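Chemist: please find the sequence and the predicted model below.
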Amino acid sequence: MTNSNTSQFKLGGTLFETKAEQFILILPVFFFVGIGFDLIQSTQYSPQEKSLGLFVSQFIFLNHIHVFFTFFLTFSVPEVRQWLTEKRSHAPNLATLLGLFFISIYLYWAIAVPYLRKTSPDSAVIKASIIAVILIGTYHNFIQSLGLSLAYNRIIKAQIPNCVQMFDAGKATNVDSLGPSWLSHFSEMAFFCFSKISPAPYLWLYDGRSPR
Amino acid sequence: MTFAACFAAIRSAARTPQSSDRAKTIYSLRYLFIPLAPFSDFAYWGMLSCHRVEYLFVTLKIRENSIGARAQPWTHLALYAAIVIAFLPLKVIHEEFIALENVGSFLSSNWVVTYLVPLTLVVSYSHYFIDGFLFKFSNPRTRQMMAPLLLSKPRS
């Protein structure tokens, strides 16, 4: 198995290929233009327009299939497979944990939630579960960007001669100050959560629009 | 406050020694999608889209750098395509399933909704779960495994 002291790592490889990186950096520009229109004109989209937007993000930009990429990686990349199944000290291997996790989540959503829906449709547990799905998704988006952002830091740092040792450090090197990012994320999550549970006090923030 | 924190994060990205590489700073602008999501549909769609496209390129990079994965590319791709197509109708129903306003309306749903749609949630959660370990660069073993897969040769 290779390790982090490979020449690639020390010399500072690239995270994305040139064209991929250009695409990744340019893509948000189109959405920022849309956000500008949204905020300036307080645009209200019809359900059809919203469906079109979701279709673009869900299917054109891979929202639907990207979750399978993980499984694709797990099955098709031997290095990842080995890492998942290798023994860890004082803990079951990751594949076992994943299996248990998979079963427990399925039982919860296939048995517990339908049961609650029948017995007490207005249960806060159901709402909390659905909100958790949304929040965990948002958290996941954020943490991926943060992780790749840190990888960017390490790669670029490694191109500076005196900073090569950063790769050899035994712990994460947080070049960005993470505090504001976390604060931003969690306050946003709290806001999102409150607006879902009880939208009324927050309606003024939406300029008359109901929250998503 | 959320926006201030978000701008502070972007500013810190721009002020770090690698700020000469503009790509890093531009990349960090996507943090803005998260606080803007409740205010703008475009921010929400942007947040989803950027995340997925990044993930596609990361996946392709890992496969490209893996020695073992090059051996049987078409078998894996065919299997992958079959699973994705099988899950497509479920995913469409899933969007309705997790909508808060539909909490009571799925009470009399058929067995497909009850037993198959949760599979899409399980797949999503498992994706979060594996990614939580796969991209945990603070773990030395994970770094050891992922670094050679994630990084390509330096640009000339």
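Modeler: Cool, got the structure.

Chemist: next, count neighbours for B:A86.
Modeler: Using other C-beta atoms under 10 Å in any protein chain shown, B:A86 has 10 neighbouring residues. In this view, the C-beta of every residue, glycine as well, is placed from N, C-alpha and C.

Chemist: go on, B:L60?
Modeler: Residues within reach of B:L60, counting by other C-beta under 10 Å, total 14.

Chemist: with the one 3 residues further on instead?
Modeler: B:R63 sits with 21 neighbouring residues when counted by other C-beta under 10 Å.

Chemist: surely it and A:P78 touch.
Modeler: No. B:R63 lies out of contact with A:P78 (C-beta atoms under 8 Å); the separation is 11.0 Å.

Chemist: can you give the domain ranges for chain B?
Modeler: B:1-65, B:72-156 (automatic domain parsing).

Chemist: lowest average pLDDT across the ones you listed?
Modeler: Lowest mean pLDDT of those: domain B:72-156, a mean of 68.

Chemist: for stretch A:22-41, C-alpha coordinates in PDB please.
Modeler: Listed next in PDB are the C-alpha coordinates belonging to stretch A:22-41 (Å, rounded to 0.1, in the frame of the first residue of the first chain):
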ATOM      1  CA  GLN A  22     -12.200  25.300 -14.900                       C
ATOM      2  CA  PHE A  23     -15.600  23.800 -15.100                       C
ATOM      3  CA  ILE A  24     -15.900  23.500 -11.300                       C
ATOM      4  CA  LEU A  25     -14.900  27.100 -10.900                       C
ATOM      5  CA  ILE A  26     -17.100  28.500 -13.600                       C
ATOM      6  CA  LEU A  27     -20.300  26.600 -12.800                       C
ATOM      7  CA  PRO A  28     -21.200  28.600  -9.700                       C
ATOM      8  CA  VAL A  29     -21.000  31.800 -11.700                       C
ATOM      9  CA  PHE A  30     -24.300  31.000 -13.500                       C
ATOM     10  CA  PHE A  31     -26.000  30.300 -10.200                       C
ATOM     11  CA  PHE A  32     -24.600  33.500  -8.700                       C
ATOM     12  CA  VAL A  33     -26.200  35.500 -11.600                       C
ATOM     13  CA  GLY A  34     -29.500  33.700 -10.800                       C
ATOM     14  CA  ILE A  35     -29.100  34.500  -7.100                       C
ATOM     15  CA  GLY A  36     -28.600  38.200  -8.000                       C
ATOM     16  CA  PHE A  37     -31.900  38.200 -10.000                       C
ATOM     17  CA  ASP A  38     -33.600  36.400  -7.200                       C
ATOM     18  CA  LEU A  39     -32.500  38.800  -4.500                       C
ATOM     19  CA  ILE A  40     -33.000  42.000  -6.500                       C
ATOM     20  CA  GLN A  41     -36.300  41.200  -8.100                       C
END
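
Chemist: for it, which positions count as buried?
Modeler: If you call a residue buried by 16 or more other C-beta atoms under 10 Å in any protein chain shown, then stretch A:22-41 has these buried ones: A:24-25, A:27-28, A:31-32, A:34-35, A:38.

Chemist: got any ranges where chain A has weak pLDDT?
Modeler: Applying pLDDT under 70 to chain A picks out residues A:1-14, A:42-44, A:47, A:50-51, A:53-64, A:121-124, A:150-212.
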